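# quick check, what structure comes out for this input:
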Amino acid sequence: MQPLLARRTASLANLLFDAGRLAEAIHEYREAIGMDQGLLEARRNLAYALFDSGKPEAALQVLSEALLLVPGDPALRAAVRSMVRGMNRHP
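Got it, this is the predicted structure:
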C-alpha cells in the first residue's frame, strides 16, 4: 500500500475529471485505488467518471464494491441514489 502516492494519483484524477478528460481520469482513479483500496472518495469519483462517460452499470458496480468496504456510508449511498435517478431519466 502506498497511501501518499495513491492520494496524489487521485488528486491528478480529480484534475483530469474536472477538465473533462474522463478516460484519463478513470485510468488514474483505478491506479490510485490499486495502490490504496481504502480511498473511498476515489472510488466514488471513479463511479461518477464512469457514469459521465456513459457506463452507468460499471459506475454502480464500483459503488457496490465500495459499499462492501463501508456499508451504509452516506456519501456512497447518495451517489448510488443520484445515479439511479439519472439512469431513470435517461433510459
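
# ok, residue 57 to residue 7 distance?
28 Å (Cβ to Cβ, to the nearest Å). Every residue, glycine included, has its C-beta placed from N, CA and C.

# out of these two, which sits in the busier spot?
residue 7 (16 against 10; other Cβ atoms under 10 Å).

# now the more buried one: which helix or strand?
helix 3-18 (DSSP states H and E).

# can I get the helix or strand of the chain with the lowest mean pLDDT as CSV, trimmed to CA atoms?
Every helix and strand in the chain was compared by mean pLDDT, DSSP states H and E; the lowest is helix 74-89, with a mean of 90. Provided in CSV are the C-alpha atoms of helix 74-89 (Å, rounded to 0.1, in the frame of the first residue of the first chain):
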residue,chain,number,x,y,z
PRO,A,74,-23.9,8.2,3.4
ALA,A,75,-21.8,9.7,0.6
LEU,A,76,-21.7,6.4,-1.3
ARG,A,77,-25.4,5.7,-0.8
ALA,A,78,-26.2,9.3,-2.0
ALA,A,79,-24.1,8.6,-5.1
VAL,A,80,-26.0,5.4,-5.8
ARG,A,81,-29.3,7.2,-5.5
SER,A,82,-28.1,10.0,-7.7
MET,A,83,-27.0,7.6,-10.5
VAL,A,84,-30.1,5.5,-10.3
ARG,A,85,-32.2,8.7,-10.7
GLY,A,86,-30.1,9.7,-13.6
MET,A,87,-30.5,6.3,-15.3
ASN,A,88,-34.2,6.5,-14.8
ARG,A,89,-34.3,10.0,-16.5
